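In: 3D, please:
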Amino acid sequence: MSHPATTSAITTTCIKTAKSYAGCGTVAAISSHMPSFTLIDLPKIVDPRGNLTVAEQLKNVPFDIARVYWTYDVPSGERRGGHAHRTCQEIIIAVSGSFTVEVFDGKDSQAFHLNHPYQGLYVGTGVWRTLEDFSSGAVCLVLASELFDEDEYIYDYDEFLQLISNV
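Out: This next block holds a predicted model:
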């Protein structure tokens, strides 16, 4: 992989108690200079009754949330993803268990092992992603910027490579 996993400077990490949540996990600036993929720390509110994490559009999620979906009961050895999006941005979160997300934007590729429900992987447009190595009981939650549109997906890897070479 070409560069280490980093947490984007546009977010702030915080672990707060339930009584001091205000100002936690805000997006400092949303710009067109957002990297193709990066880890985003969401607020983790620690409470003896159980922890809580919040995702809010344009606050700690850098886009309007149009769709939320999740995958679960993924059989051992199976892969998910295997596509890119033309216009959709996503944040991928392991809300339970763990899995690995491999991403490639035409220049850089990286594998992210997701296993914290307060951390998501931002994946921008034009990024190929594959999800694999799901632990037993893993749940993958995805926040998406677009409603489902089959024509918006790029499933053919050769087509993906051709599209990104024209950018």
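In: which residues in the chain form helices?
Out: 157-165 (DSSP state H).
In: low-confidence regions, it specifically.
Out: Applying pLDDT under 70 to the chain picks out residues 1-33, 167.
In: any idea how far Leu147 is from the closest residue to Glu132 other than its chain neighbours?
Out: Distances taken as C-beta to C-beta, 6 or more residues apart in numbering put Arg79 closest to Glu132, at 4.6 Å, once the chain neighbours are dropped. Any C-beta I mention is one placed from the backbone N, CA and C, and that applies to glycine too. Computed as C-beta to C-beta, to the nearest Å, the Arg79 to Leu147 distance reads 24 Å.
In: what do you get for Tyr72?
Out: 21 Å.
In: neighbour count: the two, which is higher?
Out: Tyr72 (13 against 9; other C-beta atoms under 10 Å).
In: isn't that one right up against Ser136?
Out: No: using C-beta atoms under 8 Å, Tyr72 is not in contact with Ser136; the gap is 10.9 Å.
In: would you map the strands across the protein?
Out: 15-17, 37-41, 44-46, 52-53, 67-72, 80-85, 90-96, 99-104, 109-114, 119-123, 128-132, 139-144, 153-154 (DSSP state E).
In: who touches the fifth one?
Out: Taking contacts as C-beta atoms under 8 Å, 6 or more residues apart in numbering, the residues outside strand 67-72 that touch it are 80, 95, 131, 138-144, 146-148.
In: now do that strand and strand 99-104, the angle between them.
Out: 120 degrees (axes from the mean of the first three to the mean of the last three C-alpha atoms, to 10 degrees).
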